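Q: Fold the following for me, if possible:
(3 chains)
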Amino acid sequence: MAGTAPPPQGRPIGDSQVEGGAPGVVASTTRTTAVRASLIAGAASVLLVVAIVLGSRLLRDFDSALVPYAVATVFLTFGVVYRYVVWVSAPAARRMFVQGWKAALSWENLKRSPAALPKMIATYLGFQKFLGARSHARWAAHQLIFWGCLLAAAITFPLTWGWFTFTSASAAGPGYEMRLWGLRLFGFDSGSFLGWALYHGLDLAAVMVIGGAGYFLWRRMRDRAATTGQRFGYDFLPLLALITISVTGLLLTFSEMFLHGGGYEFLAILHMASVVLTLVYLPFGKFFHIVQRPAAVGMQLFKYTARRKGSDDQELQACKRCGQPIDTVAAVDNLRATMRDLKLGFDEWAEYCPRCKRVLRGTAYLSNVKRGFK
Amino acid sequence: MLGRTIFIDPGRCIGCQACVSACRECDSHRGKSMIHLDYPDEGHTVASLPTVCMHCEDPVAPCAEVCPAEAILITADGVVQEADPTRCIGCANCVNACPFGVPKIDLEAKLQMKCNLCYDRTSYGLAPMCATVCPTGALFYGTVEELQAERPGVDVSTMFAFGDTVVSTGVAMVVPGERRTPVPGGMLNLIEVNGRPTPGNGARA
Amino acid sequence: MSHEHVPLDPSVAPLGTRNFRDAGGLPAAAWRADQTEQTLVPTHCCFCGVQCGMYLRVNAQGKVFGVEPRNHDINRMRLCPKGINAYQQVNHPDRLTAPLMRRSRDEPFREVGWEEALDFTVAEINRIQAESGRDAFGMLGGASLFSEKTYLVGKFARVALKTRHVDYNGRLCMVSAAGANKLAFGIDRAGNPFSDILQTQCLLIAGSNVGECFPVMTQYVWGARDRGATLIVVDPRETAVARTADIHVALKSGTDSAFFNAVLHVIVEEGLTDEVFLAEHTTGWAEVKAAVKAYPPSRAAEICGVPAEQIVQVARVFGTADRAMAWHARGIEHHTQGVENCLTVINLCTATGNLGRPGAGYGTITGQGNGQGGREHGQKSDLLPGGRSINDPVHRRQVAAIWGIEESELPQAGTSMMEMVWQMQRGEIRGLIGVCNNPFVSLPNYAVVKDGYDKLEFHAQFDFFLSETAANAHVVFPVTTWAEDEGVMANAEARVVKHNKAQEPPEGVRTDTWVMCEIARRLGQGSKFAFEGSKDVFDELRRASAGTVIDYYGITYERLEETGGIAWPCPSLDHPGTPRLFEGGRTSHPDGKVHMQVVEWHPPADPYSDEYPMTLTTGRTVAHFLSGNQTRRLGGLVEQTPRPWVEVHPSHGFRNGEPVRVVTRRGSEVLPALVTEAIRPDHVFVPYHWPYPVAANVLTVDALDPRSKIPEYKVCAVRIERAEAIDPVPAPPVPPGREAYPEAQVSRTDPLPPTSPQGRGTAERG
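A: Residues are numbered from 1 along each chain as shown, chains lettered A, B, ... in the order given. Below is the predicted model of the structure:
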């Protein structure tokens, strides 16, 4: 616990914070995990390249103007998979990962409560109900960003990979056909609502993202709850990146529609640069929570299935001192195993509720250290 | 070595819960108190024990180690932060791993919360709210030297024994001057306190 | 097997780690962002007599929204839970914002305009006084008012109402200590500042639960111990300070004077008196010495129920210390021999020469915020501003001149608060204005109090929340909280401190000063009440106190703001104030000596019998203040201590939380048992902050100390028995059509006693 608080300007930023986990844990992830992670990440990247080549009908549908984007997605894949493997190799994440997938893939489970998993995915990943419990405004802003980004990704990724193509139905008509992997999905009229929506889908996404990210940015500057310990790299950069991408994207449309393409070249490069940098940065900063968040579903499903097995009496771990429930037996066992993996020598304390731990410590202090003032 | 940190002396605590109310006033978690105040000698005496996060140093932050989502960060100066809300999945591993019984969890919000040594205040050069208002100095914020200048003859301990394991912490507890052994974190096979049987040990209280 | 018991969400977590409740007036979800602009207004706490400094945080809209510790030298940033939550009263949803009125108690209140309420009030005053004489209308003030307002209560009663019947709730607080101080020293205040405690070698605390009632004062107690002082606590309960004290004398309630006489007996026997001091600075020592001869430790041990050796031990420790100090509070004052109890402590300090030196002295700890200031300037039935006596012709002439009236117009001395209630019962007082008090909770023997107030033909009450008493009135005037006006209070050290205005009052709310002046104007006395605000009143108060024992003349708002507080007497603008009295052994009596008084112990008023064999004692808990009209509305405090309980020793066979019927000759109620070894087996304790049907004062006896008229709250005869169901705690009253702020009341219906007298542990909440 070094010295006083950092001075007002010198709040900890990015790299001054140590990631969670003991040094030992971090260190041990080095060689073997790194090698394994690199191999898996490499394989995933290769897979993506192959998929791009095949999906774009051997690059026939591939738009060479979008190459930087496509390359960025390959890097993104490598980064995400590498980070993911490193992450789930740490003891706590590994055990939770295994338990989560066990619960998700259990046939038994599926038979008993087929709706549980889809419901959880919808509440935790789609509608993010838990954010509403934190704050309604933040929930709304996050939903805007979430659906905006999802929409943008759904449109742009296949486009840059050459998976989606739009072809004219006739030489000079308003009729268009949308094709996936060269196969015709449907045709539409460019003047129709669908046509408008498809054309402006990204603009819509950009507006949503700007709204959400703008709120968060404002909050980051005003709300003391948010400003506490915030870091530029971790907290501001992602918001600035999202806003830059969205604004430059909108400006592209603006340039095309109202400026007859004025400044389009420059804007296109700016937009591309911001997208590429964001994608490459994604695995390392705040955006990694997109990849991590599904673990919440795994965790919840794990606890849910454990509790469903029997009565609460059997399936809930009672505090050994006061008898109040602590968590599911499976969760406590899983935690104790994690603690043993980590060589934390006090895993049997997990069988006591936090209050009893404190009371035990308090009584021990009274009897062993000092009873009163002296 | 200890820098500026919180020192806890349950012997001075009068159990008034000013710390609990004060914690609610912190801007970063307004309305929610992160402090625990227990009356461990219930039915016998009015003794009380305030608990703030001890900011474990060795092993460094067990709560962070058992976190499957890498949500608990530790600052360079050793402050174990509360869970990063973007990452925390609300699994409660930290709640039950912490040997001191510190973290709390908002199940609805899927979010762990705990004392972060008042980062919102210390970053403005203010002392943590709890230790600022504590009427008795049971929670004291400062350096060991400042503590000893006010209270001659006291010493502090950052070593806590949980069974055979010793945990060393960034927040210290006050002990009598001559004491050299770690402070007991509690005795699971405790039969008696002050000559009286204690409930528990498997039996329900 | 059905598994429907498992919800998808939420999962389970241990008690005390989950269920955040946004306690208090500001739900966390509603408190958002944009607090980058704030002003910190320096002021003091509105609650107890320690008068801790604090900053109120005011937002850009000019509303109080929080508190920040203030490094004032009284408290050095410390605050207790009440002080921290105090700010939530200011913009609380339960605030009264329009006058409430009804012509008879059978009708419900309706909100009316100020004109209508004032007109009705004035008409009723005129009617009652015309029919039954001026003295048929009474006035009761309070000691949580600023000193300016307490001065105004006295002046208003005597000049505008022209009644002799004015008194205040300090009568329930510490008038016995005041009486003892006046008798012994000729001045009514603590002898030493708190900071002197740090220099003492032996600190004796008698009948004060410092840790709960004056939490911030504990730092001085601990500070003295850090520097090697021995701590002696005299209290039937093992309170937080008693728990770790070097000597805890757990005597029977109501036996204090026997104990202190015995201690003095041992001191005399062992030659530990300071004969030089006694010879030079006292009168009456020979008589006192002779009297205490009749109290050998063996006799006192029997009366007090403590070991004789402990009495000898206390005497030796206190008597051999170079610098010893004694502080006491309600524990020894709330007795039918309250004045005498205090005198025995004064005798002890005097006989050992412990007066008027750093680390050596004597003090009483005032309970209310302005418990000291509130009794100085004339709202007490027998006192005029500056502590002058209303029976002294010279004093009467002086004050009449200041007020611009004839001496003959100035009413004579009235009666004490409890006596006024008896007079209401008898129909001698038929109309009443109450300001800043809640006798339905705070006066003893609730049945009598209710009856007395019910007999009033007209009753107006000033308050900012609808108190239980106000809810029984005809007219309720919504007035300001302490944060919406400025003024001074004098703390337990007699240090005058300045409270500053942090925000404008809500729409519809007026200051007490405005209301009193307005009624006075309508009674035809406007010229004598032409006060714009507190500052005008304070200037008159200063002049009115000039030259008296309680001299405020040298204290101005500007000086208070510069210094952070000045202890009176302060006779001139360049006088530094008088933090320590009795330096060089000089008192305020004309002869400059301590007038020692003989005290004989007598048993409490309510006799023990086979039917009522045990002792009931009452008191406070840390999360609540006085009648609870303020603190029972603040979520954090309700959550800490939601309800009253009865504290019983395990030897009676009750289990924790079991319903116990507590029965006295005056009433009974069922409370959950808090079973603890921290109380004498022959005593039970009930905290008094809650109203009927769970009011401790349903049980207490309305017996008064003959000299000070303080009621005997601290001891009455009682029995306890098993019961079926616990009496529920009523919600705090609110005007018709409204509901007491539900978020703050969540815990109120919890049937369990707290974990410990200080409240529920944080893990024991829902």
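Q: so what does the longest helix anywhere in chain A touch, helix or strand wise?
A: When chain A is parsed with DSSP state H, its longest helix is helix A:193-222. Counting contacts by 3 or more CB pairs under 8 Å, 6 or more residues apart in numbering or on different chains; DSSP states H and E, helix A:193-222 is packed against helix A:136-160, strand A:183-189, helix A:224-227, helix A:237-258. Any C-beta I mention is one placed from the backbone N, CA and C, and that applies to glycine too.
Q: So for the second one, what gets flagged as buried?
A: Put plainly, it is strand A:183-189. residue A:188 (16 or more other CB atoms under 10 Å in any protein chain shown).
Q: neighbours around residue C:642, how many?
A: As a burial measure, residue C:642 scores 25 neighbours (other CB atoms under 10 Å in any protein chain shown).
Q: Let me fix that, I meant to ask about residue A:351.
A: 18.
Q: Name the SS class of the nearest residue to it once chain neighbours are set aside, please.
A: Distance criterion CB to CB, 6 or more residues apart in numbering or on different chains; nearest residue to residue A:351, sequence neighbours excluded, is residue A:320 at 4.8 Å. Following DSSP: H, G, I helix; E, B strand; the rest coil, residue A:320 is assigned to coil.
Q: same thing with residue C:370?
A: Criterion first, three-state DSSP; result for residue C:370: coil.
Q: Give me the nearest residue to it, chain neighbours excluded.
A: residue C:489 (4.0 Å).
Q: Surely that neighbour is within a strand?
A: Yes - assigned with three-state DSSP, residue C:489 falls within a strand.
Q: what bridges to it?
A: Residue C:489 has these beta-bridge partners by DSSP bridges: residue C:497.
Q: contacting residues around it?
A: Counting by CB atoms under 8 Å, 6 or more residues apart in numbering or on different chains, residue C:489 touches C:44, C:51, C:146, C:147, C:369, C:370, C:372, C:373, C:496, C:497, C:499.
Q: any idea how far it lies from chain B?
A: 19 Å (CB to the nearest CB, to the nearest Å).
Q: Just the pLDDT for the residue in the stretch 551-700 of chain C that chain B sits nearest to.
A: At 4.6 Å from chain B, residue C:622 is the closest residue in the stretch 551-700 of chain C, using CB to the nearest CB. In this prediction, residue C:622 carries a pLDDT score of 97.
Q: before we move on, what about residue C:121?
A: On the pLDDT scale, residue C:121 is placed at 98.
Q: Quick one: classify the residue nearest to residue C:389 when sequence neighbours are not counted as helix, strand or coil.
A: The shortest distance from residue C:389 to any non-neighbouring residue, by CB to CB, 6+ apart, is to residue C:395 (5.4 Å). Secondary structure assignment for residue C:395 (three-state DSSP): helix.
Q: ok, how many other residues are close to residue C:395?
A: 20.
Q: How about the one 10 residues further on?
A: For residue C:405, the count of nearby residues is 17 (other CB under 10 Å).
Q: so how far is residue B:42 from the residue of the stretch 251-374 of chain A found nearest chain C?
A: The minimum distance from the stretch 251-374 of chain A to chain C, using CB to the nearest CB, falls at residue A:372 (2.9 Å). Distance, residue A:372 to residue B:42, using CB to CB, to the nearest Å: 17 Å.
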